Structures are given as structure tokens and as C-alpha cells.
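Novice: Following is a predicted model, sequence given first.
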Amino acid sequence: MKIILAFGLTVFFLFNSVEAEPALGTWITETDDGAYAYIKMEKCGEKICGKIVRTFDKNGEIQSDKIGKTIVIEMVPQGNEKYVGEL
């Protein structure tokens, strides 16, 4: 399953917890050939990390081996809703 994640451009807001940090919560990736994933953004120490929690293809939810994989690593806020980290 291809997952394309260009944080800030191709990740769209799905759910957001009522928290001080707007990046926290569950986000959805852009659809790629009918495939997409939900990414759970949580605190990892003082930074923010994101793990794949659900995956889908054009037929619905699937049990991918990508579930549980961290794909956003040590993201930190830079102000004005901008973040720096690794994908």
C-alpha cells in the first residue's frame, strides 16, 4: 500500500482533540489510488510523533502491515502553525 504523506500539504484534518497543540489528534492522508491511512499524532516527550492506526483501500478498511508504524518523527512547532520533523 502506497502512503504519500507530505505533512502540511497533503495531510487533511479529520479529527482534532480539544488540546493546546493543534497538531495532536487523528489525521488522514491524501488518497493515493484509493488508498489512505489515519495517522494518530501524539506527544513523544516534548515533541510530536505520528503512527498509522488504520488503513484503507478503495474497497474499505484493510489490515495492513503498516499499522503501528511511526511515520512522523520528532516534529516540533515553529510558530504560526508550522512544524519541523522527519517523515
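Specialist: Yep, that arrived.
Novice: Helix or strand: which one has the spatially most central residue of the chain?
Specialist: Residue closest to the mean C-alpha point of the chain, counted by CA atoms, centre = their mean, is residue 39 at 3.2 Å. Using DSSP states H and E, the secondary-structure element containing residue 39 is strand 36-44.
Novice: Buried residues, that strand. List them.
Specialist: Buried residues in strand 36-44, counted by 16 or more other CB atoms under 10 Å: 36-41. C-beta: built from backbone N, CA, C; applies to glycine.
Novice: again with stretch 79-87
Specialist: The neighbour-count check on stretch 79-87 (16+ other CB under 10 Å) flags 83, 85 as buried.
Novice: what's the answer for stretch 52-63, then?
Specialist: 52, 54-56.
Novice: Please verify my assumption that residue 28 contacts residue 35.
Specialist: No. With contacts counted by CB atoms under 8 Å, residue 28 stays clear of residue 35, the gap being 11.5 Å.
Novice: returning to that earlier point: tell me the two of the buried residues of strand 36-44 that are most distant?
Specialist: 36 and 41 (15.7 Å; CB to CB).
Novice: Render the CA-only coordinates of stretch 52-62 in PDB, please.
Specialist: Provided in PDB are the C-alpha atoms of stretch 52-62 (Å, rounded to 0.1, in the frame of the first residue of the first chain):
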ATOM      1  CA  ILE A  52      -0.500   4.700  11.300                       C
ATOM      2  CA  VAL A  53      -3.600   3.500  13.200                       C
ATOM      3  CA  ARG A  54      -6.000   2.500  10.400                       C
ATOM      4  CA  THR A  55      -5.500   1.800   6.700                       C
ATOM      5  CA  PHE A  56      -8.000   1.700   3.800                       C
ATOM      6  CA  ASP A  57      -8.000   0.800   0.100                       C
ATOM      7  CA  LYS A  58     -10.700   1.500  -2.500                       C
ATOM      8  CA  ASN A  59     -12.800  -1.300  -1.000                       C
ATOM      9  CA  GLY A  60     -12.700  -0.200   2.600                       C
ATOM     10  CA  GLU A  61     -10.700  -0.800   5.700                       C
ATOM     11  CA  ILE A  62      -7.800  -3.300   5.500                       C
END
